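*Asks:* here is the input, now give the coordinates:
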Amino acid sequence: MNIKSIINNKKERFRELLDHKIFRYAIIVHSFYFILSFVLFFTFFYNQNDFIVFYTSGKAIFQDITNLYSQENYYIHFRYFPLSAIFYIPFSLFNLDLGYILFSFFNLFLTFLTCIILYKIIFFIRGDDHEKGDDRIILYISLFLMAMPHIDNYILGQINLQVTLLILLSIFIFIKYKGNKWQLIGGFLLGISINIKPSAIFIIPFLIVMNFTLKKENFNQVFKVNIIRIIGTIIPLSLNIIFFLIYPSLWEGFLINNFGGNRTIDINFSFSITKLIINFCSFYSFPFNQTLIFLIITGLFGGIGFIIFFYGRNTRNSIVYGFTLGIIILLLVYFDSWDHHLLTLIPMLILIIFNLPRKSKITKKFIKPSFFFFCFIDLAFLGIWHLTESWFPFNFMAAIFLILTFYGISRYIINPKKEYLTPN
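*Replies:* Okay, the predicted model is just below:
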């Protein structure tokens, strides 16, 4: 099939999608988000957005890499691995305005590419009792396109869609292909996502899928697959060691920007459990150590999540649930968990909705309510926080829904064969 035929097929498919009213609405709404982001960026957020940090990091790579983690002159600072800064070099070759515009269109492209991969994965993992057509799939993908965290992501020039796409591609490869070569590639893609956003490192423990009921020869093969996946993930991450060895100050800057400095102790609207505790201690002037709080919360949720996943009854699609737990744990324990980070979690919830039984109680009680809250309600609580921060600086509702989702997924992992179904 030549390129012209491929383009014509894609055009025809897009016309078919436009026959769905919800998809047409989604395109209009998402276009509004995209245009609104430009208006707000150039009027209110020009000097206070995350893209400035990425843009500057790209310049630092070929101008003065030792300034990569400098905190001077910016309201936030670069918190990622040195290798990730290379990704922003093409955008930093232009002035800030044009660089932001090009980056926004790149994010728009990644959004629709994410929808395509999400669509393909759903067909692999969809439960047998779900509708066989794609009307319901298009509905949920349209809801993803209309999710309000996209506004935040576009305005700030954030990088969540790059991470989301790589994680979904990794899942797609793990589920579709069985060869060791593909397991290595899937792990490699996950490693790149962690390079872009180090906090995604919480997913790594959930690469390990074990089944202690297997015979010895099958168990050995599963163990081998786990090792290959982890090696694939470590390869792109290990390249950062070169930067840290050549420029030792970069390692110190990386640690300070992620686990020290005023940024981790300032009161803000992050909805993580760690930040809620820090806000409480800061607001009421209680002595605290932010690193110790982070380690305790990480040990609690990370330990519980990993034990449940490791000893749970693993199925063919366990990797979806493991990655979702990793993302939830990240959002619960890291210092800064913002609305735009939910763009990585929302597609995972869609996958779980289609993998669980059609009338699953877990879907009804935990997954769907969280999905709609994260898509359309959470951003409102950011506004409420700004109104109440002088006397109640706690943006806690997202944390509650994260914990509910964590609980629902854990219940399923512990006993996936149990009939968690709603009555007819």
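*Asks:* alpha carbons only for contacts and neighbour counts from here, please
*Replies:* Will do.
*Asks:* residue 270 belongs to a helix, doesn't it?
*Replies:* No. Read with DSSP: H, G, I helix; E, B strand; the rest coil, residue 270 is coil and lies in no helix.
*Asks:* local confidence estimate at it?
*Replies:* With respect to pLDDT, residue 270 scores 92.
*Asks:* ok, it to residue 353 distance?
*Replies:* 27 Å (C-alpha to C-alpha, to the nearest Å).
*Asks:* and for residue 37?
*Replies:* With C-alpha to C-alpha as the criterion, residue 37 and residue 353 are 30 Å apart.
*Asks:* and the closest residue to residue 298 other than its chain neighbours, what does it touch?
*Replies:* Excluding its sequence neighbours, the residue lying closest to residue 298 (C-alpha to C-alpha, 6 or more residues apart in numbering) is residue 333, at 5.5 Å. Residue 333 sits next to 272-274, 294, 297-298, 301 when contact means C-alpha atoms under 8 Å, 6 or more residues apart in numbering.
*Asks:* same check on residue 93?
*Replies:* Residues 59, 99 are the ones in contact with residue 93 under the rule C-alpha under 8 Å, 6+ apart.
*Asks:* tell me which residue is most central in the protein.
*Replies:* Nearest to the geometric centre of the chain sits residue 344, at 2.7 Å (C-alpha atoms, centre = their mean).
*Asks:* chain neighbours aside, what residue packs nearest to that residue?
*Replies:* Residue 344 sits nearest to residue 164 (C-alpha to C-alpha, 6+ apart), 4.9 Å away.
*Asks:* quick one: secondary structure of residue 337?
*Replies:* Assignment for residue 337 (three-state DSSP): coil.
*Asks:* 52 is where my numbering starts, stick with that
*Replies:* Sure, I'll start counting at 52 from here, so that last one is residue 388.
*Asks:* how close does it get to residue 189?
*Replies:* Separation of residue 388 from residue 189 (C-alpha to C-alpha) stands at 28 Å.
*Asks:* neighbour count winner among those two?
*Replies:* residue 388 (21 against 17; other C-alpha atoms under 10 Å).
*Asks:* now do the SS call for residue 336.
*Replies:* Quick answer, by three-state DSSP: residue 336 is coil.
*Asks:* and it, what's its pLDDT?
*Replies:* 87.
*Asks:* gap between it and residue 346?
*Replies:* Distance, residue 336 to residue 346, by C-alpha to C-alpha: 21 Å.
*Asks:* who has more neighbours out of these two?
*Replies:* Comparing residue 336 with residue 346 by other C-alpha under 10 Å, the one with more neighbours is residue 346, at 14 against 9.
*Asks:* for the host helix or strand of the more buried one, packing partners?
*Replies:* Using DSSP states H and E, residue 346 maps to helix 341-362. Applying 3 or more C-alpha pairs under 8 Å, 6 or more residues apart in numbering; DSSP states H and E, one finds that helix 341-362 contacts helix 324-334, helix 369-384, helix 448-465.
*Asks:* and it, what's its mean pLDDT?
*Replies:* 91.
*Asks:* buried set for the top helix by length along the chain?
*Replies:* Ranked by residue count and defined by DSSP state H, the top helix of the chain is helix 147-176. By neighbour count on 16 or more other C-alpha atoms under 10 Å, the buried set for helix 147-176 is 147, 150-151, 154-155, 158-159, 161-162, 165-166, 168-170, 172-174, 176.
*Asks:* about what we covered before: higher neighbour count, residue 321 and residue 404?
*Replies:* Taking neighbours as other C-alpha under 10 Å, residue 321 and residue 404 compare with residue 321 leading, 26 against 23.
*Asks:* would you mind measuring from that one to residue 180?
*Replies:* In terms of C-alpha to C-alpha, residue 321 sits 39 Å off from residue 180.
*Asks:* what ranges of the stretch 152-301 of the chain fall below the confidence cut-off?
*Replies:* Counting by pLDDT under 70, the stretch 152-301 of the chain has low-confidence residues at 261-270.
*Asks:* so where do the helices sit in it?
*Replies:* Secondary structure of the stretch 152-301 of the chain by DSSP state H, counting those that start in this stretch: the helices cover 186-197, 200-207, 211-227, 231-247, 267-289, 291-297, 299-310.
*Asks:* redo those as a markdown table? Include distance to residue 457.
*Replies:* Formatted as a markdown table, the helices of the stretch 152-301 of the chain follow (distance: least, C-alpha to C-alpha, whole Å):
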| stretch | distance to residue 457 |
| --- | --- |
| helix 186-197 | 20 |
| helix 200-207 | 20 |
| helix 211-227 | 19 |
| helix 231-247 | 22 |
| helix 267-289 | 23 |
| helix 291-297 | 32 |
| helix 299-310 | 25 |
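*Asks:* quick one, which of those gets closest to residue 60.
*Replies:* helix 186-197 (18.1 Å; C-alpha to C-alpha).
*Asks:* residues of that closest one that come out buried?
*Replies:* Buried residues in helix 186-197 (16+ other C-alpha under 10 Å): 188-197.
*Asks:* do stretch 369-376 as well
*Replies:* 369-376.
*Asks:* how about those residues in a markdown table, adding pLDDT?
*Replies:* Output for the buried residues of stretch 369-376, formatted as a markdown table (pLDDT from 0 to 100):
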| residue | pLDDT |
| --- | --- |
| 369 | 86 |
| 370 | 90 |
| 371 | 93 |
| 372 | 93 |
| 373 | 92 |
| 374 | 94 |
| 375 | 95 |
| 376 | 95 |
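*Asks:* what is the nearest of those residues to residue 295?
*Replies:* When those are ranked by distance to residue 295 (C-alpha to C-alpha), residue 374 comes first, at 28.4 Å.
*Asks:* with adjacent residues omitted, what lies nearest to that closest one?
*Replies:* Excluding the flanking residues, the one nearest residue 374 by C-alpha to C-alpha, 6+ apart is residue 254, at 5.6 Å.
*Asks:* now distance to residue 431 too, for the helices and strands packed on helix 341-362, in CSV please.
*Replies:* Converted to CSV, the helices and strands packed on helix 341-362 look like this (distance: least, C-alpha to C-alpha, whole Å):
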stretch, distance to residue 431
helix 324-334, 18
helix 369-384, 18
helix 448-465, 10
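*Asks:* please work out which of those helices is packed deepest.
*Replies:* Per-stretch averages of neighbours, counted by mean count of other C-alpha atoms under 10 Å, single out helix 369-384 among those, with a mean of 25.
*Asks:* let me know the next secondary structure element after it.
*Replies:* Next along the chain from helix 369-384, counting by DSSP H and E, comes helix 393-406.
*Asks:* next one: that following helix to chain centre, how far?
*Replies:* Using C-alpha atoms, centre = their mean, to the nearest Å, the mean C-alpha position of helix 393-406 is found 10 Å from that of the whole chain.
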